[in-house]
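return a 3D structure for these sequence lines:
(chains A and B)
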Amino acid sequence: MARKMNKANGYMDTGAQKTREINVEEHSGLSARLRLPGQTGLARLACLAVQPLLTRVVGRIAARHPSLFARLGDYRQADFLIDPVEFPFALHLRPDPDDLVFRAVPRHLDMKPVAVIRGRFLLLLELIDAEQDGDAAFFSRELEITGDTEAVVRLRNALDDVDGSIAQETAAMFGPPGRAILSRLRRNYLD
Amino acid sequence: MSLAELICPAGTPAALRTAVDAGADAVYCGFQDATNARNFPGLNFTPQELAEAVAYAHAKGAKVLLALNTYPPAGKVDLWRQAADTGARLGVDAFIVADMGVAEYIARNHPDIRLHLSVQAAASSPEAIRYYCENFGVKRVVLPRILTIPEIRQIRKEIPCEIETFIFGNHGLMVEGRCSLTNYLTGQSTNLDGVCSPASDVEYVRAEDGTMASKLAGFTIDRFGPDEKAGYPTICKGRYTAAHRSDGYYAFEEPISLNLARLLPELIDAGVHAFKIEGRQRSKSYVRAVVSAFRNAVDEIRAGRTADIANLVALTEGQKQTQGAFATKKWR
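A predicted model of the protein is given here:
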């Protein structure tokens, strides 16, 4: 076990493995949000609407890229909250190959994720696809991470070892309309 | 004659393929353990992945350099020896080493494979470099980032091996291989365990006013304003208050990256054989952008033309760049 410096007395001591639980409400992120009347209900409706899509997408990606799970180590059972700031909901990811979870959740759901990854949706998508560099996005403050940094680093490295474009694979699942939507999203992001 | 080889980082097999495809002459990488100085979670290669990477690189005319550039703790050298044996079996083109014991083991047991002296050895004088050449057959030295170009030119005249210099990425002016700051707070060592600011000890805390605190092992080492660019959570680049500076200042170094794009012709002229890009911990996106830019620049210079250097500042730490000691020792 690593020795740690005791902040109170200045001496090195041994400490128990850190466990972090983060309160999503306390980490409201890139911009503080006001919860408007009816917003929670709207978020729940949006979650229900997109859930079949998310289930299909994540199942396909996991099947096509099984090697990405190895780099996650013990964090395969960890709960990540991915928060696209302009969406009415957040995304809950548990990258467990035996029990994969990827679902839309109301942002203010009472959950204790190991880490929260927050930024604009297209930035998050470009990070997944290695079109953007995560460190650079962090330096610029466009990307915000809170919670267990090792969990985020492992997830980032796992996704970065995937060849090809997860976004394009996803778009291709829905044919020409899917590709058109992705193209439109990217144009808007660049603008 | 300077070959101006481009030596590029790879933290994953996909990054290695990206580097090779972007024009790397050689790619450096490491195993998933303490034998290399980027022993980060989820990063690096299994032996099987390295075998496939070597095959991919060699098929495209690129070399693979295996970083074994940490120092084995006393009595625990087996991991480093096994890594060297595995690397040799898989056909790597060179080992990058810092520790004399590791160098001696490879020189004795794998004499046909080149030895490169890591920047972690902090060999910055002709005497020190010659010692490694004469005793272990070192073929190339990676110079610490503390020398001016005239000093590099002079060293080149006095040593029997090739010179490699960093040209882009992390800018660490500590006595490399000797830094104990991370060890002091976390108990893990950059030089023995390969972890500078281990991710498990890093935490970012955002306040309601938009400021973000960077913490290592529970200690706040920097606090960034709402619109301020951020840097890595390393102690050497932390901001501190002191008796004579109550405002908080960068006591050791600043969050800034090295970028020698505009000094490439002078470095080639000084006899530098190889240019190293830092960043095994960075993404494929970084590798693609930086390697492509420097591939183009080196090719233009070799062809006798002025290089059109791409703007890479967005990829730099703190989104700031410097030529550091290569331009002047008064760079700060």
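
where do the strands of the stretch 101-250 of chain B begin and end?
Secondary structure of the stretch 101-250 of chain B, counting by DSSP state E, counting those that start in this stretch: strands at B:114-117, B:140-142, B:162-170, B:202-206, B:212-216, B:219-224, B:239-242, B:245-250.

quickly run through the sheet partners of the third one, with directions.
Sheet pairing here is set by DSSP bridges, and for strand B:162-170 it gives strand B:140-142 (parallel), strand B:257-259 (antiparallel), strand B:274-277 (parallel).

how about these in CSV, adding mean pLDDT?
Below are the strands paired with strand B:162-170 laid out as CSV (pLDDT from 0 to 100):
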stretch, mean pLDDT
strand B:140-142, 98
strand B:257-259, 94
strand B:274-277, 98
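
export those strands as TSV, with columns for mean neighbour count.
Using the backbone N, CA and C atoms, a C-beta is placed for each residue, glycine as well. Shown next, in TSV, are the strands paired with strand B:162-170 (neighbours: other C-beta atoms under 10 Å in any protein chain shown):
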stretch	mean neighbour count
strand B:140-142	24
strand B:257-259	23
strand B:274-277	24
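
looking at the strands of the stretch 101-250 of chain B, which is nearest to residue A:105?
In terms of C-beta to C-beta, the element of those nearest to residue A:105 is strand B:202-206, at 20.4 Å.

tell me the buried residues in the closest one?
B:202-204, B:206 (16 or more other C-beta atoms under 10 Å in any protein chain shown).

that strand near chain A anywhere?
Yes - judged by C-beta under 8 Å from any C-beta of the partner chain, strand B:202-206 comes into contact with chain A through B:202-206.

and which of those residues is nearest chain A?
Each of the residues of strand B:202-206 next to chain A was scored against chain A by C-beta to the nearest C-beta, and residue B:202 proved nearest at 4.2 Å.

give me the neighbour count for residue B:43.
When neighbours are defined as other C-beta atoms under 10 Å in any protein chain shown, residue B:43 has 26 of them.

residue A:185 too?
15.

strands of chain A, start to end?
A:3-5, A:12-14, A:80-84, A:90-94, A:101-105, A:115-119, A:144-147 (DSSP state E).

what pairs with the third one, and is each one parallel or antiparallel?
Sheet pairing of strand A:80-84 (DSSP bridges) gives strand A:90-94 (antiparallel), strand A:115-119 (parallel).

got these as CSV, with mean neighbour count columns?
Listed next are these as CSV, based on neighbours: other C-beta under 10 Å:
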stretch, mean neighbour count
strand A:90-94, 21
strand A:115-119, 25
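
how about CSV for those, with mean pLDDT and distance to residue B:252 added?
Output for these, formatted as CSV (pLDDT from 0 to 100; distance: least, C-beta to C-beta, whole Å):
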stretch, mean pLDDT, distance to residue B:252
strand A:90-94, 93, 37
strand A:115-119, 95, 29
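
could you dump the ones you listed to a markdown table with distance to residue B:36?
Listed next are the strands paired with strand A:80-84 as a markdown table, based on distance: least, C-beta to C-beta, whole Å:
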| stretch | distance to residue B:36 |
| --- | --- |
| strand A:90-94 | 29 |
| strand A:115-119 | 26 |
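
if we can go back for a sec, Serialize the strands paired with strand B:162-170 to a markdown table and add fields for distance to residue A:162.
A markdown table is the format used below for the strands paired with strand B:162-170 (distance: least, C-beta to C-beta, whole Å):
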| stretch | distance to residue A:162 |
| --- | --- |
| strand B:140-142 | 31 |
| strand B:257-259 | 26 |
| strand B:274-277 | 22 |
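
my read: residue B:267 touches residue B:149, true?
Yes - Residue B:267 is in contact with residue B:149 according to C-beta atoms under 8 Å; the separation is 6.5 Å.

the more surrounded of the two?
More crowded of residue B:267 and residue B:149, by other C-beta under 10 Å: residue B:267, with 22 against 19.

what residues of the helix or strand harbouring the more buried one count as buried?
Using DSSP states H and E, residue B:267 maps to helix B:264-269. Within helix B:264-269, the residues that count as buried by 16+ other C-beta under 10 Å are B:264, B:266-268.

what separates the residue nearest to the spatial centre of chain A from chain B, distance-wise?
In chain A, the C-alpha nearest the mean C-alpha coordinate belongs to residue A:82, at 3.0 Å (C-alpha atoms, centre = their mean). Distance of residue A:82 to chain B, given as C-beta to the nearest C-beta, to the nearest Å: 16 Å.

got a list of what that residue touches?
Counting by C-beta atoms under 8 Å, 6 or more residues apart in numbering or on different chains, residue A:82 touches A:90-93, A:116-118, A:124.

with residue B:198 instead?
Residue B:198 neighbours (C-beta under 8 Å, 6+ apart): A:150, B:40, B:182, B:186, B:188.

try 7 Å this time
When contacts are counted by C-beta atoms under 7 Å, 6 or more residues apart in numbering or on different chains, residue B:198 touches B:186, B:188.

and if you look at the one 4 residues further on?
Contacts for residue B:202 were tallied using C-beta under 7 Å, 6+ apart; they are A:149, B:216, B:233.

quick check: closest non-adjacent residue to the first one.
I take that to be residue A:149. Among residues not flanking residue A:149 along the chain, residue B:202 sits closest, at 4.2 Å (C-beta to C-beta, 6 or more residues apart in numbering or on different chains).

which residues does the one you found form beta bridges with?
Applying DSSP bridges, one finds that residue B:202 bridges with residue B:216.

for it, give me the pLDDT.
At residue B:202, the model reports a pLDDT of 96.

so how far is residue B:273 from it?
Distance, residue B:202 to residue B:273, using C-beta to C-beta, to the nearest Å: 36 Å.

kindly report the same for residue B:65.
For residue B:65, the distance to residue B:273 - C-beta to C-beta - is 13 Å.

gap between residue B:94 and residue A:154?
Distance from residue B:94 to residue A:154, by C-beta to C-beta: 29 Å.

neighbour count winner among the two?
More crowded of residue B:94 and residue A:154, by other C-beta under 10 Å: residue A:154, with 25 against 21.

ok, the more buried one - contacts?
Contacts of residue A:154 (C-beta under 7 Å, 6+ apart): A:71-73, A:75, B:41-42.

which residues of the stretch 201-332 of chain B lie near chain A?
B:202-204, B:206, B:217-219, B:229-231, B:282-286, B:314-315, B:317-319 (C-beta under 7 Å from any C-beta of the partner chain).

tell me the secondary structure at the residue of the stretch 1-150 of chain B found nearest chain A.
For the stretch 1-150 of chain B, the residue closest to chain A is residue B:42, as judged by C-beta to the nearest C-beta, at 3.4 Å. Here residue B:42 is recorded as coil under DSSP: H, G, I helix; E, B strand; the rest coil.

can you tell me the number of residues neighbouring it?
Using other C-beta under 10 Å: residue B:42 sits among 26 other residues.

close to chain B, is the longest helix along chain A?
If you go by DSSP state H, chain A has its longest helix at helix A:39-64. No - judged by C-beta under 7 Å from any C-beta, helix A:39-64 stays clear of chain B, getting no closer than 14.0 Å.

quick one: buried residues of that helix?
A:43-44, A:47, A:50, A:54, A:57-58, A:61-62.

that helix packs against which elements?
Judged by 3 or more C-beta pairs under 7 Å, 6 or more residues apart in numbering or on different chains; DSSP states H and E, the packing partners of helix A:39-64 are strand A:101-105, helix A:166-173.

how about those in TSV, adding distance to chain B?
Output for these, formatted as TSV (distance: least, C-beta to the nearest C-beta, whole Å):
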stretch	distance to chain B
strand A:101-105	19
helix A:166-173	12
